[in-house]
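Asker: coords please:
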Amino acid sequence: MRPAHDARPLGINTWVWTSPLTDADAPDLFGKVAALGYDVVELPLEQAGDLTPEVVGPLLEATGLGATVVGAMGPGRDLVAGDADVAATQDYLRACIDLAAGIGARTVCGPFYATTGRVWRMTPTEREVAYARWREGLGPVVEHAAAAGVQLGIEPLNRYETSLVNTVDQAMTGLGDLLGPVGLALDTYHLNIEERSSADAIRLAGQHLVHLQVCGNDRGAPGGDQTDWDGIVSALDEVGYDGPLVIESFTADNATIAVAASIWRPLAATQDDLARDGLVFLRSLDTEAAR
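Answerer: Model prediction:
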């Protein structure tokens, strides 16, 4: 859904507050997100069945929130590993797609290639083999997404979280003929680490950009940090991106998510403050650019 102003919808990932998100948590969190003034809630489906359309759909309608879905490539989820991992990962990604289709979310995004945190060295030839293996494993998932009317977005991660897809160029190269049916989901945190210019990376993604996650360069609220936000917004305007800007940050209070995301200290006085301050900044940033 579009907000009342002419700017892009503004959203937030529930990882800011909790992990995993389940049907039981959704009513309170959706109410909080709506009360803060967001347009979109981003839903991480960590395990199939944690969230169901029967519960989530009516909550979205009641709060007026739009939704996006993201996946988590935890242990055992890998499209360039053994056959058992590939099959389990395909089933998991189908579950993410089915959730999105069931609640009217148009995208399912994430680093859908290898287990997050698995890094290994590759020769150029080995990388080509890994990319071919990735395309082979991703293909059936792409077909499922197309049949469901859902767009997949592949997210490059920084070098400490994967060695397979760190940049926009690598994502486009690795996807090959799947690029187009599959889009790109970018995160300003990873862009800041891996790209020489975040704005130029967005321009390179161009029409393939289907989702953008944002945060400060320290993983906290966007705004008041080193990121070239004006350059990023200009690049988004140039490529015609009209999707949501979604804050993805994490709480240090949840042991599992804090370790996975390397969150070793609080990034704001409270998680509500992080959400509130980030929204104020994004609203001023994007509405100024829209004038």
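
Asker: For the helix or strand of the chain with the lowest mean pLDDT, list the C-alpha coordinates in PDB.
Answerer: Taking mean pLDDT, DSSP states H and E as the measure, the chain has helix 255-261 as its least confident helix or strand, at a mean of 81. Extracted C-alpha coordinates of helix 255-261, given in PDB (Å, rounded to 0.1, in the frame of the first residue of the first chain):
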ATOM      1  CA  ALA A 255      20.800 -14.300  22.200                       C
ATOM      2  CA  THR A 256      20.200 -16.200  18.900                       C
ATOM      3  CA  ILE A 257      19.700 -13.100  16.700                       C
ATOM      4  CA  ALA A 258      22.400 -11.100  18.400                       C
ATOM      5  CA  VAL A 259      25.000 -13.700  17.800                       C
ATOM      6  CA  ALA A 260      23.900 -14.300  14.200                       C
ATOM      7  CA  ALA A 261      23.900 -10.600  13.400                       C
END
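
Asker: Mind listing what's buried along it?
Answerer: If you call a residue buried by 16 or more other Cβ atoms under 10 Å, then helix 255-261 has these buried ones: 257-258, 260-261. The C-beta positions use only the backbone N, C-alpha and C, and glycine is treated the same way.

Asker: thought residue 22 was touching residue 51?
Answerer: Yes - in terms of Cβ atoms under 8 Å, residue 22 counts as a neighbour of residue 51; the distance is 6.7 Å.

Asker: Name the residue in these two with the higher neighbour count.
Answerer: Between residue 22 and residue 51, counted using other Cβ atoms under 10 Å, residue 51 has the larger neighbour count: 27 against 14.

Asker: I'd assumed residue 21 was in contact with residue 251.
Answerer: No - assessed by Cβ under 8 Å, residue 251 is found out of contact with residue 21, at 11.9 Å.

Asker: Quickly list what's touching both of the two.
Answerer: Common contacts of residue 251 and residue 21 (Cβ atoms under 8 Å, 6 or more residues apart in numbering): residue 15.

Asker: List the contacts of residue 30.
Answerer: Going by Cβ under 8 Å, 6+ apart, residue 30 touches 41, 59-60, 62-63, 65.

Asker: let's go with 10 Å and repeat that
Answerer: Counting by Cβ atoms under 10 Å, 6 or more residues apart in numbering, residue 30 touches 14, 38, 41, 43, 56, 59-60, 62-65, 67.
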